[in-house]
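**Q** would you be able to build a 3D model of this:
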Amino acid sequence: MLRKQDEEKSIGRRRLLRRAGAVAAGMAGAGVAGAASATPAQAAAGDPVIQGVDNVVETATTLRNTGVRAALRLANDKTYGPVPDGRVYAEPALQIKPSGTTISHLAEAGSISMAVDGNIWVMTGYPGGSEHMHVVHTTANSNRIVPLVPQRVLDTRYASSRGLVRETGYLDSSGRLLAGRTISLRLTDHLLYADAVFGTVTVVQPTLAGFAQVYPFGITRPTDFSSINFAPNQILSNAFVCGVGSDNDSSHYATDLINVYSSVTAHIIVDLTAAVVGAGRVNPRSAMPVPASRLNRGGKATWEE
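**A** Predicted coordinates:
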């Protein structure tokens with residue numbers, strides 16, 4: 001009986017020594033990384049995780065917390081900066097390796113993956129056991145509408161309110177847009193890499209009946225649409241939504257441009273009311289202020305009662 005107990009103790013000690021050796025090897029790996037490349041560690045159920053190398057497993061590892069705190073916290077306190085523009089870069093606490101073109105249809109609800117095109121996929125679950133794949137909306141694949149404090153970005157009646165990329169040969173002596181001409185309007189006082197803008201275009205006292213167009217910079221002017229139609233000597237406004245383009249061919253690269261065309265000579269006014277942005281940004285001084293209390297509002301709507 002005593003001999004059997006001694007053998008069990010000996011086996012237990014050898015197991016502990018193997019595990020301790022594995023952990024020590026992982027800790028020493030940083031010192032020998034320059035001498036030899038690390039190979040994946042085969043980790044069976046119950047084996048320790050070896051830091052600094054790939055741990056190859058065939059079954060999932062579950063962290064379960066029966067309390068009220070998070071089951072897993074990942075922290076990386078290393079930062080870089082501030083850089084000249086004031087930003088401070090944080091090193092990531094988690095990386096999901098991109099693979100495939102979409103998440104597996106066999107993935108469980110709550111699973112997350114990143115495809116090789118950079119899109120993040122999530123598997124959601126619904127009552128009854130059905131599961132569906134969804135792309136997470138980010139600034140790389142989606143956009144949002146940002147309301148602006150209404151901004152007058154063009155008024156050809158006043159030289160200080162033109163902000164045009166080019167002006168000579170397109171306006172008459174009083175500043176009116178000449179018939180059949182297109183002017184390009186720069187919006188970078190308010191936007192950077194916007195996708196589109198909402199606004200109004202106003203025609204002031206045109207010499208003849210005609211139409212005006214607001215359309216994206218960088219495309220051939222469409223001939224079968226109008227943003228506004230007008231009669232002689234009218235002052236008339238209409239709303240528009242217009243894509244935003246960039247001038248990649250000019251000697252001075254310019255972003256956030258729209259074009260304005262008029263079929264007859266007239267003064268043109270353009271006001272912006274909102275912008276559509278994805279990876280782009282809106283000048284905080286131009287955007288509608290967002291109250292800090294917005295996220296803390298309580299109460300219910302009448303249709304929720």
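**Q** contacts, neighbours, all on C-alpha from now
**A** Fine.
**Q** give me the element the closest residue in space to Leu94 that isn't next to it in sequence is part of.
**A** Nearest in space to Leu94, with sequence neighbours left out and distances taken as CA to CA, 6 or more residues apart in numbering, is Leu74 at 7.0 Å. Taking DSSP states H and E as the definition, one finds Leu74 inside no helix or strand.
**Q** what about Leu74, distance to Pro216?
**A** If you measure Leu74 against Pro216 using CA to CA, to the nearest Å, the figure is 45 Å.
**Q** which one of the two is surrounded by more residues?
**A** For Leu74 versus Pro216, neighbours defined as other CA atoms under 10 Å are more numerous around Pro216 (23 against 7).
**Q** contact partners for that one?
**A** Taking CA atoms under 8 Å, 6 or more residues apart in numbering as the criterion, Pro216 is in contact with 242-245, 257-259.
**Q** how does it look with 6 Å?
**A** For Pro216, the contacting residues are 243-245, 258-259, taking CA atoms under 6 Å, 6 or more residues apart in numbering as the criterion.
**Q** and which of those residues is nearest to Thr202?
**A** Proximity of the contacts of Pro216 to Thr202, judged by CA to CA, is greatest for Asn259, which lies at 14.3 Å.
**Q** which residue packs closest to that closest one, ignoring adjacent ones?
**A** Ser184 (4.4 Å).
**Q** again with Thr124
**A** In space, and not counting its chain neighbours, Thr124 is closest to Ala109: 4.8 Å by CA to CA, 6+ apart.
**Q** returning to that earlier point: now the helix or strand encompassing the residue nearest to Asn259: buried residues?
**A** Here Ser184, judged by DSSP H and E, is contained in strand 181-186. Across strand 181-186, burial judged by 16 or more other CA atoms under 10 Å covers 182-186.
**Q** in JSON lines: these, plus pLDDT and distance to Ser263.
**A** Conversion of these to JSON lines gives the following (pLDDT from 0 to 100; distance: CA to CA, whole Å):
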{"residue": "Thr182", "pLDDT": "93", "distance to Ser263": "9"}
{"residue": "Ile183", "pLDDT": "92", "distance to Ser263": "12"}
{"residue": "Ser184", "pLDDT": "91", "distance to Ser263": "15"}
{"residue": "Leu185", "pLDDT": "92", "distance to Ser263": "17"}
{"residue": "Arg186", "pLDDT": "91", "distance to Ser263": "21"}
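**Q** picking up where we left off before, tell me which other helices or strands the strand holding Ser184 touches.
**A** Applying 3 or more CA pairs under 6 Å, 6 or more residues apart in numbering; DSSP states H and E, one finds that strand 181-186 makes contact with strand 254-262.
**Q** which other residues reach the strand it packs on?
**A** With contact meaning CA under 6 Å, 6+ apart, strand 254-262 is reached by 179-187, 193, 212-217, 244-247.
**Q** tilt between the helix or strand just after it and strand 254-262?
**A** Elements were assigned by DSSP H and E; along the chain past strand 254-262, the next helix or strand is strand 267-277. Compare the direction of strand 267-277 with that of strand 254-262 by axes from the mean of the first three to the mean of the last three CA atoms, to 10 degrees and you get 140 degrees.
**Q** tell me which two of the buried residues of strand 181-186 sit farthest apart.
**A** Checked with CA to CA, those reach their widest spread between Thr182 and Arg186, with 13.3 Å between them.
**Q** secondary structure element for His134?
**A** Taking DSSP H and E as the definition, one finds His134 inside strand 131-135.
**Q** show me what that strand is packed against.
**A** The helices and strands touching strand 131-135, judged by 3+ CA pairs under 6 Å, 6+ apart, are strand 120-125.
**Q** for the strand it packs on, what is the average pLDDT?
**A** The pLDDT scores in strand 120-125 average 91.
**Q** chain center to that strand: distance?
**A** Mean-position distance between strand 120-125 and its chain equals 18 Å (CA atoms, centre = their mean, to the nearest Å).
**Q** other SSEs contacting it?
**A** Based on contacts counted as 3+ CA pairs under 6 Å, 6+ apart, the elements that strand 120-125 packs against are strand 112-114, strand 131-135.
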